[in-house]
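# no sequence for this one, just the structure:
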């Protein structure tokens, strides 16, 4: 059973979004380098539609030797202040004032967004976002092909760095069967030291960071094409402010 998020850093580090594996905590033990990769997606495998113009994958990389436990605890404290029922931030609904955020004032939603954003920005992680513009696709299979090609090319480009790790664990919530199959196929072909684990979003802060990064990538693409919705413009004021306050800074963490 997974440990609760609150206070975890003081005890073992934090596998909830980047903890030191237990073997690193044993006196005199020497473990292999371990890398965690958290994956989230935005969009679907259907054809182009105005509500789903892009398909995006965000991959968050965390070297387990980097302890981000204090960041995790700080985020947990901030979120508990807002009375969130499960301490989980769902970035898209937060911006659009949907679901559990439907009765929440704008300024409070902004403070929650900022808490997760600052956690992501200041933690010892990096990320890569891969996107496909669905309008440019001809056949339904083209989306699978493009995601596979782009993810494969990225892993080839980073092969020397990734192969320094004795263990790589890919975390995904298996939300889309198509993406699950692509991840297993591409990572399994590119790397021999990879494992896959189904993630429960509420238990992993870095999966929530991946959700945030997916959303920021989508918003950045929409802002470039002047496609931001009324709710998005209300939240960020303008595409220019979105870039100046958020996307410009977070791009420094690109891997």
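Yep, it's here. All figures in this text were calculated on a predicted structure; none of them were measured in a lab.
# outside of the helix or strand hosting residue 110, which residues touch it?
Under the criterion of DSSP states H and E, residue 110 resides in helix 106-122. Residues outside helix 106-122 that contact it (Cβ atoms under 8 Å, 6 or more residues apart in numbering) are 71-72, 74-75, 78-79, 82, 84, 89, 91, 94-95, 97, 101, 205, 208-209, 212-213, 234-235, 246, 249-250, 253. Every C-beta, even on glycine, is put in place using the N, C-alpha and C of the backbone.
# Pull out the buried residues from those.
By neighbour count, with 16 or more other Cβ atoms under 10 Å, the contacts of helix 106-122 hold 71-72, 74-75, 78-79, 84, 89, 91, 94-95, 97, 101, 205, 208-209, 212-213, 235, 246, 250, 253 as buried.
# what bridges to residue 198?
residue 172 (DSSP bridges).
# so what's it up against?
Residues counted as contacts of residue 198 (Cβ under 8 Å, 6+ apart) are 171, 172, 173, 174.
# need the contact list for the first one.
In this case it means residue 171. Listed by Cβ under 8 Å, 6+ apart, the contact set of residue 171 reads 36, 37, 38, 39, 197, 198, 199, 204, 206, 207.
# Likewise for the third one?
Residue 173 sits next to 40, 198, 199, 200, 201, 207 when contact means Cβ under 8 Å, 6+ apart.
# I'd like these laid out as CSV, including pLDDT and distance to residue 221.
Formatted as CSV, the contacts of residue 173 follow (pLDDT from 0 to 100; distance: Cβ to Cβ, whole Å):
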residue, pLDDT, distance to residue 221
40, 97, 16
198, 95, 28
199, 89, 25
200, 88, 28
201, 84, 23
207, 96, 22
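# nearest to residue 47, of those residues?
residue 40 (21.9 Å; Cβ to Cβ).
# The helix or strand encompassing the closest one pairs with which strands, and in what direction?
Using DSSP H and E, residue 40 maps to strand 34-42. Strand 34-42 has the following sheet partners, assigned by DSSP bridges: strand 54-63 (antiparallel), strand 167-172 (parallel).
# so the first one versus helix 106-122, what angle?
Taking axes from the mean of the first three to the mean of the last three Cα atoms, to 10 degrees, one finds strand 54-63 and helix 106-122 inclined to each other by 50 degrees.
# Pull out the buried residues from strand 54-63.
With the criterion 16+ other Cβ under 10 Å, strand 54-63 contains buried residues 54, 55, 56, 57, 58, 59, 60, 61, 62.
# And for stretch 189-198?
Applying 16+ other Cβ under 10 Å to stretch 189-198 flags 190, 191, 194, 196 as buried.
# Can you lay out the residues you listed as JSON lines showing distance to residue 119, pLDDT and secondary structure?
Below are the buried residues of stretch 189-198 laid out as JSON lines (distance: Cβ to Cβ, whole Å; pLDDT from 0 to 100; DSSP: H, G, I helix; E, B strand; the rest coil):
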{"residue": "190", "distance to residue 119": "29", "pLDDT": "94", "secondary structure": "helix"}
{"residue": "191", "distance to residue 119": "28", "pLDDT": "93", "secondary structure": "coil"}
{"residue": "194", "distance to residue 119": "26", "pLDDT": "96", "secondary structure": "strand"}
{"residue": "196", "distance to residue 119": "25", "pLDDT": "97", "secondary structure": "strand"}
